[in-house]
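S.K.: turn this into a model:
(one chain, ligands or ions: 1)
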Amino acid sequence: MEETKELMTAVPMEDRSVWRPKHVQRQRSMILPFQRLVLALLSILAASANLAVVSGLEEGEKETNTETSDGLPVQECGVWLAPSSIPGAGLGMFAGKDFRKGQELQPTGDIVIPIVDITYHQYALGSRYFLLFDDYIWNAHFQHMDHLGYIHVMVFSPGIGSAPNAFADIVNVNELHPRNSDPHGLHRSKDPGAGAFSTYHDRRFLACEDIQKGEELFMHYGETIGDLRKADKVFERFFEIQKKHRKIPGEILGELWVSFVERNEFNESTTFAAFQKTDEEWYMLHQQMTLKEIRIKESMRTDEWFHQFGTCADNLMEGESTIRQAGRGAFATRHLAKDSVVAPLPLVHVEDSHMFDMLEFEDIFTLQTANVKYGEQLLLNYCFGHGRSSLLLCPYGPQTSLINHNQTRANVKLRWADPAKGNHKPELLEMPIEHFARKKKTSLALELVALRDIQPGEEVFLDYGDEWESAWQEHVKTWEAYPQAKDYVSAHQLDSSPDRLLTEFEQMENPYPWNVNLLCNIKFYKMIDFSLFHQTGKVEVTDHHTAEWFTCEIMRFRLINGQMRYTAVAKINDNKSEKLTDAPREAFKFVDLAYSSDMFLPNAFRHALMIPDDIFPEAWKNL
Ligand SMILES: C[S@@+](CC[C@H](N)C(=O)[O-])C[C@H]1O[C@@H](n2cnc3c(N)ncnc32)[C@H](O)[C@@H]1O
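M.R.: The predicted structure follows:
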């Protein structure tokens, strides 16, 4: 039942994998016939391995919080953010402890932020949408969020949804889809905070096989599985050639090996680079182990290395904020000592904040926009900016997007990350904004530092700056609900109601609100173990990717063994429908219709989080 969890491109209706293959430069050299053969084999490898090119990184040293101010050791860090073991792949994530198959990687799941029809909202401005986000964005369909927009919904999933790399056949992390719920039950009729944060959250990540402490975490981004097995075959062929031509002098064979693994035309490929070893031990290893086994061995890092090159990435967890209008917040999972690094904030840059502007659609069918702005993408509320700059920097560290603002209770502050720890290049702080328009790799990072000791369970607050504070105060002062807002019922409210679902017939008298749609899940229905359901009343589905939701009409209902069951018709397409007989409530869900949920309210609060002026580079002040 595996579904392809492809990531999205900004090009509408077209999915691509996260690391896009790039044109590779052909090296001009004196090529021996054998080398030609090897290069031909490499071409097979390249074609099948979906070779990738990503940014470089630097390594260095620095210590994170290894003990409390009392001198007591902190609990083991579960996941680390550190330079990937794949050369040129930037940051990666690593297991700080053993995880058993099926075990969750962090105490709470990640928040997920929809980006809705962004290219369409930008039409009137010309094609200004910048593609860097492509590398961090998931297919909304598989997150069950595509109903939020008309055409092209993308999903930014900061945290484990963004930081681990993909590496061919090696997959040790499996992801679930987020839940949709409103913390504190905020309502658009009375709460100025409604629509200002994402209601999609708790996207969990599980070990899909036993993971050993120290291993790098790898996710499946949707590319073809089986590449490493194909690559193994290419290496086998090399060894066959070697056996067959025993008369070839050792030094020529040596050179051939070097050409094979090092001086080849794919020297920008992260996939191939991960195997570029030329010494004797590696030559032997290739003969004894599969590439997958070698790669897993190669990805292992020690505790010592993590403390030197990494930052602990599970110091925070999600909870309902102690500030009601703020929605969710981030809470300390362990004692965090004063001056220690609380969390890393690697940044995706967007050189022009107007890219998040949403222009009004002039025509709903052609989706042509008028040059009239009606709002901004919700993502703006999760990115850092500065009043005198058009640059936005959107963080993707685990759970850090949940940190709320408080000027008096702030217990963390921002500073530029230590370049030694990964993907922060301080020379970019001197570069003008135009440079970022051309820069297709992320190379900036902030980090959060504890201003004082933070106790486990304490909410973590940052001061978003005076400008943000004034904007929020002004919003609260001027905010008014529209007259009919009190009648609004969201899909989430309907879904959490214990009320029986209404049949089509009943809905003629008593229709559901205009803004929701009832869906049923065909695949899920087919997978239900009905005998277990009869005995226990519980519906258990182990395949979390099981989802094929279609608009649904309830025909009838009845009680079986005290449990409510529904017979319904799912509309697969204009010509095809499917019947679900006596399905449990879990096979149905309400979703909000496009542009109807709180995040689309014209009066929803929007403002970037402000980087303090004393650390904001002069070179970036272009306004
Ligand atoms: C980076 S997000 C923080 C996480 C957010 N609370 C959530 O649930 O996803 C920033 C948004 O959180 C809300 N927020 C943060 N601090 C707040 C505060 N002190 N008062 C009201 N809303 C706040 C605002 O909606 C803001 O735009």
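S.K.: for the rest of this, base every contact and every neighbour count on C-alpha atoms.
M.R.: Will do.
S.K.: looking at the stretch 451-600 of the chain, which residue is nearest the ligand?
M.R.: The minimum distance from the stretch 451-600 of the chain to the ligand, using CA to the nearest ligand atom, falls at Trp472 (7.0 Å).
S.K.: need the phi and psi values for that residue.
M.R.: phi -70, psi -40 (degrees, to the nearest 10).
S.K.: burial count for it?
M.R.: Trp472 has 17 neighbours, counted by other CA atoms under 10 Å.
S.K.: ok, the one 3 residues further on next?
M.R.: Counted by other CA under 10 Å, the residues lying close to His475 total 17.
S.K.: before we move on, which element is it in?
M.R.: Using DSSP states H and E, His475 sits within helix 466-478.
S.K.: elements contacting that helix?
M.R.: strand 609-610 (3 or more CA pairs under 8 Å, 6 or more residues apart in numbering; DSSP states H and E).
S.K.: burial count for the nearest residue to Leu186 once chain neighbours are set aside?
M.R.: Sequence neighbours aside, Ala194 is the residue nearest to Leu186 in space, at 6.0 Å (criterion: CA to CA, 6 or more residues apart in numbering). The number of residues packed around Ala194, counting by other CA under 10 Å, is 26.
S.K.: show me what contacts the residue of the stretch 451-600 of the chain closest to the ligand?
M.R.: Contacts for Trp472 (CA atoms under 8 Å, 6 or more residues apart in numbering) come out as Phe605.
S.K.: give me the phi and psi for the residue of the chain most remote from its centre.
M.R.: Of all residues in the chain, Lys247 has its C-alpha farthest from the mean position, at 52.8 Å, by CA atoms, centre = their mean. Taking degrees, to the nearest 10, you get phi -80, psi -10 for the backbone angles of Lys247.
S.K.: show me the contacts for it.
M.R.: Counting by CA under 8 Å, 6+ apart, Lys247 has no contacts.
S.K.: give me the mean pLDDT for the helix or strand that contains Pro114.
M.R.: For Pro114, the enclosing helix or strand under DSSP H and E is strand 113-116. Averaged across strand 113-116, pLDDT comes to 94.
S.K.: what about it and the ligand, any contact?
M.R.: No. Counting by CA under 6 Å from any ligand atom, no contacts exist between strand 113-116 and the ligand, the nearest distance being 8.4 Å.
S.K.: same check on stretch 180-198?
M.R.: Yes. Applying CA under 6 Å from any ligand atom, one finds stretch 180-198 in contact with the ligand at Gly193, Ala196, Phe197, Ser198.
S.K.: in TSV: those, plus pLDDT and neighbour count.
M.R.: Output for these, formatted as TSV (pLDDT from 0 to 100; neighbours: other CA atoms under 10 Å):
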residue	pLDDT	neighbour count
Gly193	98	22
Ala196	98	24
Phe197	98	25
Ser198	97	23
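S.K.: pull the most distant pair out of these.
M.R.: Greatest spacing in the residues of stretch 180-198 next to the ligand, by CA to CA: Gly193 and Ser198 (10.9 Å).
S.K.: show the low-confidence segments of the chain, by residue range.
M.R.: Residue ranges of the chain with pLDDT under 70: 1-74, 123-134, 168, 222-235, 257-287, 364, 367, 524-530, 532-534, 536-547.
S.K.: how is it partitioned into domains?
M.R.: 32-51+225-303, 491-596 (automatic domain parsing).
S.K.: gap between the two ends of the longest one?
M.R.: From its first residue to its last, domain 491-596 covers 10 Å (CA to CA, to the nearest Å).
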